[in-house]
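In: Pasting the sequence and the predicted coordinates here, then a few questions.
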Amino acid sequence: MRIKKVTKAIFPVAGMGTRFLPATKSIPKEIMTLVDRPLIQYAIDEARAAGIKEFIFVTARGKSALEDYFDHAPELESALRKAGKEELLEALKDTNMDSGAIAYVRQNRAMGLGHAVWCARRLIGNEPFAVLLPDDVIAAEKPCLQQMIEAYAQTGGNMVAAMEVAPSKTSSYGVLDVADDMGSIVKVKGMVEKPKMEDAPSNLAVIGRYILTPKVMTNLNKMKQGAGGEIQLTDAIAEEALTPGKVFGFRFRGQRFDCGSKAGFLQATVAFALSRPDLRDEFGSYLHDLIALQTAAQ
C-alpha cells in the first residue's frame, strides 16, 4: 500500500483567547510570546521540520496581526542591516514565509474545532493533512509532528498524538478507546470527547497534533453537533475508528505544555527560558534565589 506524503497542515487560530483577556483584546493569543517567539512560531517550526510545505490558517476577525507577522518587513530589515545587526536579521528569517506558502480561511461562526478544520476542506482536496493546535506547545528533541510522520509512514490511516493523563482529568480531553496497545503506537477502536472519569474508556488523551485522511472531512460534512453543542473533530475521527486499522494513537516523546491556560503558559515560559544557553544561568539564578526567599519566609 502506497502511503501519500503529508505536505499540508491546518492551524485553527480563530479563537478569541478569552482566558488571556485583557491582553487578547488587541492581539491574537497566538502572537503571545514564549520568551521571544510567539506561540504560532513554535507550531510553524514544528510543521516545517516534519516536511510541511503548505500552511492553512483558519482565522476570524481581529487576526490580521498573524498575517503581518509572517510577512516580510522591509523597513525593519533595512534598519537592522544598516546597523550591522546580522544576528537579529537571521532570527527574522524563520518569520518570513514565501508568497503562496500560507493560505488564510475565515471561520465566521465559532462552532468548534471540527468546524474550523472543515472550513479548510477546499484547500485540502483529496490529500492527507496535519492539524496543529498552537495552544499545545511540545518540547521534544525530535519535533512531535516529525515523530508522527515517521510513524504514519508505517501505519497510514489517521493518527492522533496521545499522552496519559490522570483519570480525574479525562473530562478535559478527547480520550481513546484502545483496541491494541503496541507501545508507542496504539490501535484505536473509538474516541470519546470529554468523558466523565467513570465513563472514560482509558486515560490516554488526545492532544493537539493530528494526521488525518480526507475521509474525516467527508464525516465533518454531516455537521453533527457533539459535546458542548459544537462540531467535534473527535467525533469525525471516531467514525473512522469503527473500521479496524483506520485510526492510531501515538505516544510522542516530549513534554507538552497547555498554553491555552495561564498556568501552562507560565510553565512553558520557565521551561523554554531555562533551555536557552543565553538565559539559563541568569534566569536560573533568579529562580533559585526566589525559591530560597520564599522558603526562608515560611
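Out: Thanks, I have it.

In: tell me the phi and psi of P12?
Out: When read as degrees, to the nearest 10, the backbone of P12 gives phi -80, psi 110.

In: same question, the one 5 residues further on
Out: According to degrees, to the nearest 10, the main-chain angles of G17 amount to phi 60, psi 40.

In: Show me which positions of the helix or strand where V178 lies end up buried.
Out: Following DSSP states H and E, one finds V178 within strand 174-181. Within strand 174-181, the residues that count as buried by 16 or more other Cβ atoms under 10 Å are 174-178. All C-beta atoms are positioned from the backbone trio N, CA, C, and that covers glycine.

In: Relative to R19, which of those residues is nearest.
Out: Nearest to R19 among the buried residues of strand 174-181 is G174, at 19.5 Å by Cβ to Cβ.

In: For the closest one, name its beta-bridge partners.
Out: Beta-bridge partners recorded for G174 (DSSP bridges): E193, V206.

In: doesn't A200 make contact with it?
Out: No - if you go by Cβ atoms under 8 Å, G174 and A200 don't touch, sitting 10.4 Å apart.

In: list residues touching both of those two?
Out: Counting by Cβ atoms under 8 Å, 6 or more residues apart in numbering, the shared contacts of G174 and A200 are V192.

In: What average pLDDT does the longest helix along the chain get?
Out: In the chain, taking DSSP state H as the definition, the longest helix is helix 280-297. For helix 280-297, mean pLDDT rounds to 89.

In: likewise stretch 35-48?
Out: Taken as a whole, stretch 35-48 has an average pLDDT of 93.

In: now do stretch 185-199
Out: Stretch 185-199 shows an average pLDDT of 89 in the prediction.

In: contact partners of that stretch?
Out: Contacts to stretch 185-199, defined as Cβ under 8 Å, 6+ apart, come from residues 151, 154-155, 160, 162, 167-168, 170-180, 200-201, 204, 206, 226-228, 232, 234-235, 237-238, 241-242, 244-245, 247-251.

In: Quick one: buried ones out of the residues you listed?
Out: The buried subset of these (16+ other Cβ under 10 Å) comprises 151, 155, 160, 162, 170, 173-178, 200-201, 204, 206, 226, 232, 234-235, 237-238, 241, 247-251.

In: Quick check: bridge partners of F55?
Out: Applying DSSP bridges, one finds that F55 bridges with A9, I102.

In: Cool, thanks, signing off.
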